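> Pasting the sequence and the predicted model now:
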Amino acid sequence: MLKNRHVTGWLQAAPLSLVLIGFLILPIVAIVIVSFWRATEFSIIPAFTLENYQFLFGSPVTYKVFLATFKYAAITWALTLLIGFTAAYYLAFHIRSQTVQIALFLLCTIPFWTSNIIRMISWIPFLGRNGIANSTLIDMGVIDEPLEWLLYSDFSVILAFVHLYTLFMVVPIFNTMMRIDRSLIEAAYDNGASGFQTLVHVIVPLTKPGIMIGTIFVLTLAMGDFITVRFMSGSQKANVGRLISNDIALLQYPSAAATAVVLLCTVLIVIGILLRFVDIRKEL
Amino acid sequence: MEQRSRAFYLLTAFFALFILFLYGPTITIGILSFQGPQGGLTFPMNGVSLHWFRDLFEEQAVGDIWGAFRRSLALGLMVMVTTVVISVMGGLAFRKRFAGSGLLFYLIIASLVIPSILISLGVGLIFNQLGFKIHWATSGFGSQLTWTLPFGLLIMFAVFNRFDKSYEEAARDQGATAWQTIAYVVLPIIAPSLIGVALFGFTLSYDEFARTLLTAGSYNTLPLEIFGMTTNVTTPVIYALGTLTTLFSFLIIAVFMGTVVILGRRRARLGSDAGKGV
């Protein structure tokens, strides 16, 4: 019976394992191998050389770009956490009708199922030189000249990140909040805690698993991104993902692979640290 | 009913702004896609017309968007069906706590958090080195599964964690085989969640960009086509396209959610009244 359970389990998990082996593990193995290869202008040559890594770690651009990547990820994380937590808190504790709650929750999640590219494009008429933001500010007399930093800047990159990824905070945090035993909150009130004290000392600690899961999502998405930075900065800013995609465009696969390996290690270290604070299997 | 606090009104205002932030830009390009023929990419509106929508249906300047749409639709359906089947099987497998399930679980998480460009690059490299042809229905299909499957499986884990095993025991006690138990008891109970998995499978595939970038081959999917347009199209035709595909996404979401609601009603109507004290 025991053996039987394992065999059936593996049979049922076989298609899943095959997809993950073929399209996750093997690609990573391929990237690691190619990162030691040599490239000419036209082709890549099997070899064992460390020059891709030597070049990567020897170039000041690498450090600048990694720093920029961390900066984008950190600011995006802070903003999505703040906005996502507040929205989830409102939904979970201030909406009393379950129907309204579900409807508003869906309203938050629907954009996730639409195209990211389109959602980025839709900021152009808002942020552009003659866009809504600038013309409104000029009409109000706040500024005389259009602001140049609204579009194609760090500002627009982070705005797009927050726009695309806040949802990844709202959903897990809301999910955890809904499981908080409401009698704990009543107990806090009965003992004389103010609303704010209840929030800080009861709700936030109990919401930590959700915050951690949201954090994992947002950090990995922001660190691994290349298209948002490219599009929203008008190719003027760089992060690690763009470094990789630029190398790919120049057919410098070994160099791209080496950068990818370093990026992967960085992301895995971050995830490894975060997973110490949350048991994902328990939170499902 | 107790008095609403000041915090409630502040939070309501915050939430309303958040929703405006989420939908405002999309609504803006929705309006701008009705620009007059002389209109530009920003306000003011230079007349109101269907000019840019008409442009989309005329096969010229804007490339092969209808071909791209058909490919994205086909790929989305393929990914959807595969995601549902594999997720259900995976979900059933994980209930058995088989040896190695812990490792497989971390692989699923890895698949979710790995930067998409690595999948794109790695799959592209493998197909090139092995001499396989890169095509949206092979390399693109597999790459997208690494993004949709984790979502499908996480939903299945959540479903099976809350699944009441006594239903299965009852079926077995009445002489159902393992297969009959799954087909007539387990699957009907989890059906609404499967629609959720299907929704994730289709929409995530339909909108996927980064993992398809190097794995779609010579025929673009719709998001790739749209991205290509952003570099060389400077008319509101791109808004018209954005509006149409967003409306299409909304339609898909509505169909899936409508199905869940109908299933729920049907279940309420035809379900047993056991335990309700009728």
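That came in fine, so what should we check first? Numbering: from 1, shown residues only, chains lettered A, B, ... in the order given.

> With chain A as the reference, measure out to the residue nearest the centre of chain B.
Nearest to the mean C-alpha position of chain B, by C-alpha atoms, centre = their mean, lies B:Thr203 at 2.4 Å. Distance, B:Thr203 to chain A, using C-beta to the nearest C-beta, to the nearest Å: 4 Å. For the C-beta atoms, the positions are set from N, CA and C on the backbone; glycine is no exception.

> OK, contacts around that residue?
A:Trp113, A:Thr114, B:Gly76, B:Ser249, B:Ile252, B:Ile253 (C-beta atoms under 8 Å, 6 or more residues apart in numbering or on different chains).

> you'd agree the second one is up against B:Leu251?
No: look at A:Thr114 against B:Leu251 with C-beta atoms under 8 Å: they stay out of range, at 11.1 Å.

> Settle it for me: which of those two has more neighbours?
Applying other C-beta atoms under 10 Å in any protein chain shown to A:Thr114 and B:Leu251 shows that A:Thr114 carries more neighbours, namely 22 against 10.

> Tell me, how many residues neighbour A:Leu263?
By other C-beta under 10 Å, the residues close to A:Leu263 number 23.

> ditto for the one 10 residues further on
Under the neighbour criterion other C-beta under 10 Å, A:Ile273 is assigned a count of 9.

> Got phi/psi on it?
phi -70, psi -50 (degrees, to the nearest 10).

> swap in A:Asn239?
The phi/psi pair for A:Asn239 (degrees, to the nearest 10) is phi -140, psi -180.

> who touches it in this structure?
By C-beta under 8 Å, 6+ apart, the residues touching A:Asn239 are A:Val65, A:Ala68, A:Thr69, A:Tyr72, A:Met223, A:Asp225, A:Phe226, A:Val229.

> Leaving out the residues flanking it, which one is nearest to it?
In this structure, A:Asn239 finds its nearest non-sequential neighbour in A:Thr69, 4.2 Å apart by C-beta to C-beta, 6 or more residues apart in numbering or on different chains.

> what's the following helix or strand after the helix or strand harbouring the one you found?
Using DSSP states H and E, the element containing A:Thr69 is helix A:60-89. Per DSSP H and E, the first helix or strand lying C-terminal to helix A:60-89 is helix A:98-109.

> any residues touching that following helix, and which ones?
A:87, A:91-92, A:95, A:167, A:170-171, A:174, B:15, B:18-19, B:22, B:257.

> swap in stretch B:90-106?
Outside stretch B:90-106, the residues that reach it (C-beta under 8 Å, 6+ apart) are A:5-6, A:8-13, A:15-17, A:20, A:281, B:149, B:152-153, B:156-157, B:159-160, B:182, B:186.

> In helices, which of these appear?
Among the contacts of stretch B:90-106, DSSP state H puts A:5-6, A:8-13, A:15-17, A:20, A:281, B:149, B:152-153, B:156-157, B:159-160 in helices.

> Quick check: residues of the stretch 151-284 of chain A near chain B?
The stretch 151-284 of chain A comes close to chain B at residues A:163, A:166, A:195, A:216-217, A:220, A:223-227, A:231, A:241, A:244-245, A:248, A:253, A:256-257, A:260, A:263-264, A:267, A:271, A:280-281, A:284, as judged by C-beta under 8 Å from any C-beta of the partner chain.

> give me that answer again for 7 Å
A:163, A:195, A:216, A:220, A:223-224, A:226-227, A:231, A:241, A:244-245, A:248, A:253, A:256-257, A:260, A:263-264, A:267, A:271, A:280-281, A:284 (C-beta under 7 Å from any C-beta of the partner chain).

> out of those residues, which are buried?
The neighbour count (16 or more other C-beta atoms under 10 Å in any protein chain shown) marks A:163, A:216, A:220, A:223-224, A:226-227, A:231, A:241, A:244-245, A:248, A:253, A:256-257, A:260, A:263-264, A:267, A:271, A:280, A:284 as buried among these.

> Give me the subset of these that lies in helices.
Short answer: these in helices (DSSP H) are A:163, A:216, A:220, A:223-224, A:227, A:231, A:241, A:244-245, A:248, A:253, A:256-257, A:260, A:263-264, A:267, A:271, A:280.

> now the helix or strand bottoming out on mean pLDDT in chain B, how far from the chain's geometric center?
Among the helices and strands of chain B, helix B:51-57 carries the lowest confidence by mean pLDDT, DSSP states H and E, at a mean of 80. Remark: helix B:51-57 is offset 27 Å from the chain centroid, using C-alpha atoms, centre = their mean, to the nearest Å.

> What of stretch A:251-266?
Its chain's C-alpha centre and that of stretch A:251-266 lie 19 Å apart, by C-alpha atoms, centre = their mean.

> Stretch A:106-118 too?
Here the centre of stretch A:106-118 is set off from its chain's centre by 15 Å, with C-alpha atoms, centre = their mean.

> From start to finish, how long is it in a straight line?
Using C-alpha to C-alpha, to the nearest Å, one end of stretch A:106-118 lies 20 Å from the other.

> list the buried ones in that stretch?
So stretch A:106-118, judged by 16+ other C-beta under 10 Å, has buried residues A:Cys108, A:Ile110, A:Pro111, A:Phe112, A:Trp113, A:Thr114, A:Ser115, A:Asn116, A:Ile117, A:Ile118.

> got the contact list for the fifth one?
For A:Trp113, the residues meeting the contact criterion (C-beta atoms under 7 Å, 6 or more residues apart in numbering or on different chains) are B:Leu199, B:Thr203, B:Ser249, B:Ile253.

> can we see that at 8 Å?
B:Leu199, B:Phe200, B:Thr203, B:Leu204, B:Asp207, B:Ser249, B:Ile252, B:Ile253.

> Can you lay out these as JSON lines showing distance to A:Ala133?
Shown next, in JSON lines, are these (distance: C-beta to C-beta, whole Å):
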{"residue": "B:Leu199", "distance to A:Ala133": "34"}
{"residue": "B:Phe200", "distance to A:Ala133": "34"}
{"residue": "B:Thr203", "distance to A:Ala133": "30"}
{"residue": "B:Leu204", "distance to A:Ala133": "31"}
{"residue": "B:Asp207", "distance to A:Ala133": "26"}
{"residue": "B:Ser249", "distance to A:Ala133": "26"}
{"residue": "B:Ile252", "distance to A:Ala133": "31"}
{"residue": "B:Ile253", "distance to A:Ala133": "29"}
